[in-house]
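Visitor: coords below, sequence missing:
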């Protein structure tokens, strides 16, 4: 039998994540292309009940143990290393999310396999796998073709999550293997501040990035947001600089938004940001760099200093509204 | 507290990137390197911890273009020692960088064991691994990534560390020391240091150079091809003065009932 394709099933706060279903959809295609079995590997505490929701896989390998509550290198990574040695998968597909983050980086050492990061797509042809990866904040695309077994970090959005949700009862295996108790102990979650504004509920978001240059220019975004009846949000560098509170962050660690209008002002469009806003109804990107990846996702683009455009646009909107 | 910060250079993506004639790498002629952003946050977090608890901070980097400037800047910001690992091949992949670091750290006097090793949790050129967790495996230390807050309890040799999840949710962890932390963002924006101060430090301070003891041990996955991304869709570009652009955007918003 051909070597299996693995998908690391990610569960967080009692649910299988959408990112897992996206990766399962991709894994199904790869497994079918190679004539290989697709195995979902589900590790965690009180997770056995979730195995039935991974029907896209032929088999779900479950290890359910209190030591596996948070996915870290000491517990999940170490266990996956041992399982991989026993079962010899050909490919290990890992959702690249913040939940799985701590193990993504340690697995190449623990599973003793090469690693291919930032995969937008992985294809099987002629019995081999080829990955297309997005590098340098989305500015370059690399093609990688590992010889033999490898781990692939799959970026969110590689497939539709719906395609990975299959109503079928997979076979469930529970290998007799005991995880290590981690020395890094999870204590508690910290919920986001309710904040004065929930950006996921806004129809209009004026979202700002590093291209706004300094905090003094934030008022330009506030004025346009006010004129259009929206709110101001931002990308990671703006939040890290303290120009906006954490509750306004759009992207991987922050919110996923789907407003009617998303103005990306001075945002380059790195994959971590795009993940949180790509489904907005109308995206207008403004950036001085004509090569900025934001223009690959925006519906309309302006190559211009964002502060100048925001100022002019606020005036024009006010004039039109009277 | 003895803290080690590892700094790395990455291509500045604000500049235009070009593919080299081999079709597999970046053209170094047009490449401007800057400090990896999350490494800069790791440096800031280390300095904040030193201010709170005392002790020493060592900044360490592999030798390469612009690295002296970065290390002198770190000294000007307040690190106690700056070390560069020399004799390192150019263009190493992330996994090999981690391998060189793991081999070299024991050769640097008085940095290990450190109570904490801080570095950025990711870099834009992490094609085949991530430095912090790979180093963790080599040094057999615990690891936590995506860290945004660190509270140390020195007598207990433990720390309370906050890490990001998604949707604005964070998690608080209790970690032992020594530990490797992959920093996402420091508790405060990285401090600014005037150029004059960096120049003064260049005259008074010294960067220690330590030769890498061996070649990297990590396997490599070769890049078959590198190119600029083919966009599935491309924005319709609006041209003109800011006023013209604003008028055209207003028309688009009006058509869609957004005005």
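Guide: Nice, thanks for sending it over. Keep in mind that what you see is a predicted model, and the values were worked out from it rather than measured.

Visitor: how many other residues sit next to residue 208?
Guide: Picking chain A for this. Residues near residue A:208, counting by other Cβ atoms under 10 Å in any protein chain shown, number 31. Every residue, glycine included, has its C-beta placed from N, CA and C.

Visitor: chain B was what I was after
Guide: Going by other Cβ under 10 Å, the residues that sit close to residue B:208 add up to 15.

Visitor: now it, which residues is it bridged with?
Guide: residue B:83 (DSSP bridges).

Visitor: hmm, the host helix or strand of residue B:250 touching chain A?
Guide: Secondary structure assignment for residue B:250, by DSSP states H and E: helix B:242-255. Yes - counting by Cβ under 8 Å from any Cβ of the partner chain, chain A is contacted by helix B:242-255 at B:242, B:243, B:245, B:246, B:247, B:249, B:250, B:252, B:253, B:254.

Visitor: what average pLDDT does that helix get?
Guide: Averaged across helix B:242-255, pLDDT comes to 96.

Visitor: next, name the residue at the spatial heart of the chain.
Guide: Here I'm looking at chain A. residue A:156 (3.9 Å; Cα atoms, centre = their mean).

Visitor: that's the wrong chain, I wanted chain B
Guide: residue B:39 (2.7 Å).

Visitor: report how many residues lie close to the nearest residue to that residue once chain neighbours are set aside.
Guide: Nearest residue to residue B:39, sequence neighbours excluded (Cβ to Cβ, 6 or more residues apart in numbering or on different chains): residue B:120, at 4.0 Å. Neighbouring residues of residue B:120 were enumerated by other Cβ under 10 Å; the total is 28.

Visitor: residue B:33 now?
Guide: Residues near residue B:33, counting by other Cβ under 10 Å, number 18.

Visitor: ok, it - contacts?
Guide: Listed by Cβ atoms under 8 Å, 6 or more residues apart in numbering or on different chains, the contact set of residue B:33 reads B:9, B:10, B:11, B:12, B:64, B:65, B:66.

Visitor: quick check: of the residues you listed, which lies closest to chain A?
Guide: residue B:11 (6.0 Å; Cβ to the nearest Cβ).

Visitor: so where is the chain shaky, pLDDT-wise?
Guide: Since you didn't name a chain, this refers to chain A. Chain A contains residues with pLDDT under 70 at A:1.

Visitor: chain B was what I was after
Guide: B:231-232.

Visitor: is stretch A:21-40 positioned near chain B?
Guide: No - for stretch A:21-40, no contact with chain B is found by Cβ under 8 Å from any Cβ; the gap never falls below 14.2 Å.

Visitor: buried ones in that stretch?
Guide: Neighbour-count burial for stretch A:21-40 flags A:21-31, A:33-34, A:36-40 (criterion: 16 or more other Cβ atoms under 10 Å in any protein chain shown).

Visitor: which parts of chain A are helices?
Guide: In chain A, the segments counted as helices under DSSP state H are A:18-34, A:78-87, A:101-104, A:107-110, A:218-228, A:236-240, A:271-274, A:306-321.

Visitor: reformat these as TSV; add distance to residue A:289.
Guide: Below are the helices of chain A laid out as TSV (distance: least, Cβ to Cβ, whole Å):
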stretch	distance to residue A:289
helix A:18-34	29
helix A:78-87	40
helix A:101-104	28
helix A:107-110	33
helix A:218-228	19
helix A:236-240	15
helix A:271-274	14
helix A:306-321	11
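
Visitor: any idea which of the ones you listed is most buried?
Guide: The highest average neighbour count among these, using mean count of other Cβ atoms under 10 Å in any protein chain shown, belongs to helix A:101-104 at a mean of 28.

Visitor: show me what it is packed up against.
Guide: The helices and strands touching helix A:101-104, judged by 3 or more Cβ pairs under 8 Å, 6 or more residues apart in numbering or on different chains; DSSP states H and E, are helix B:131-139, strand B:143-153.

Visitor: touching it from outside, list them.
Guide: In contact with helix A:101-104 (Cβ under 8 Å, 6+ apart) are residues A:8, A:71-73, A:76-77, A:80, A:94, A:96, A:117, A:153, B:121, B:130, B:133, B:143-146, B:182.

Visitor: go again using 7 Å as the cut-off
Guide: Here helix A:101-104 makes contact (Cβ atoms under 7 Å, 6 or more residues apart in numbering or on different chains) with A:71-73, A:76-77, A:94, A:96, A:153, B:133, B:143-146.

Visitor: tell me which of the residues you listed is nearest to residue B:113?
Guide: Nearest to residue B:113 among the contacts of helix A:101-104 is residue B:143, at 15.2 Å by Cβ to Cβ.

Visitor: what's the closest non-adjacent residue to the closest one?
Guide: residue B:136 (3.9 Å).

Visitor: again, but for residue B:197
Guide: residue B:76 (4.7 Å).

Visitor: next, the buried residues of the helix or strand containing that neighbour.
Guide: Element membership for residue B:76 (DSSP H and E) is helix B:67-77. Neighbour counts over helix B:67-77 (16+ other Cβ under 10 Å) mark B:67, B:70, B:71, B:72, B:73, B:74, B:75, B:76, B:77 as buried.

Visitor: burial check on the residue nearest to the fifth one when sequence neighbours are not counted, number of neighbours?
Guide: Closest residue to residue B:73 in three dimensions, ignoring its sequence neighbours and counting by Cβ to Cβ, 6+ apart: residue B:198, at 5.3 Å. The number of residues packed around residue B:198, counting by other Cβ under 10 Å, is 16.

Visitor: could you check how far residue B:198 is from residue A:9?
Guide: Separation of residue B:198 from residue A:9 (Cβ to Cβ, to the nearest Å): 49 Å.

Visitor: repeat that for residue B:51.
Guide: Counting by Cβ to Cβ, the gap from residue B:51 to residue A:9 is 43 Å.

Visitor: settle it for me: which of those two has more neighbours?
Guide: Remark: of residue B:51 and residue A:9, residue A:9 carries more neighbours, 28 against 9, as counted by other Cβ under 10 Å.

Visitor: so that one touches residue A:54, yeah?
Guide: Yes - if you go by Cβ atoms under 7 Å, residue A:9 and residue A:54 touch, sitting 5.7 Å apart.

Visitor: quick check: neighbours shared by the two?
Guide: With Cβ under 7 Å, 6+ apart, residue A:9 and residue A:54 have common neighbours A:16, A:40, A:42.

Visitor: picking that back up, A helix includes the residue nearest to the centre of chain B, no?
Guide: Yes - when DSSP: H, G, I helix; E, B strand; the rest coil is applied, residue B:39 is found to be in a helix.

Visitor: hmm, residue B:45 and it touching each other?
Guide: No - the criterion here is Cβ under 7 Å, and residue B:39 misses it with residue B:45 at 10.5 Å.

Visitor: got the contact list for the residue in the stretch 1-150 of chain A positioned nearest to chain B?
Guide: Distances between the stretch 1-150 of chain A and chain B by Cβ to the nearest Cβ are smallest at residue A:105, namely 3.2 Å. Residue A:105 makes contacts with B:129, B:130, B:132, B:133, B:134, B:145, as judged by Cβ under 7 Å, 6+ apart.

Visitor: which ones are touching the residue nearest to residue B:197?
Guide: B:193, B:197, B:198, B:201.

Visitor: and those residues, which of them are in strands?
Guide: Within these, no residue falls in strands by DSSP state E.

Visitor: report the buried members of those.
Guide: Using 16+ other Cβ under 10 Å, the buried members of the contacts of residue B:76 are B:193, B:198, B:201.
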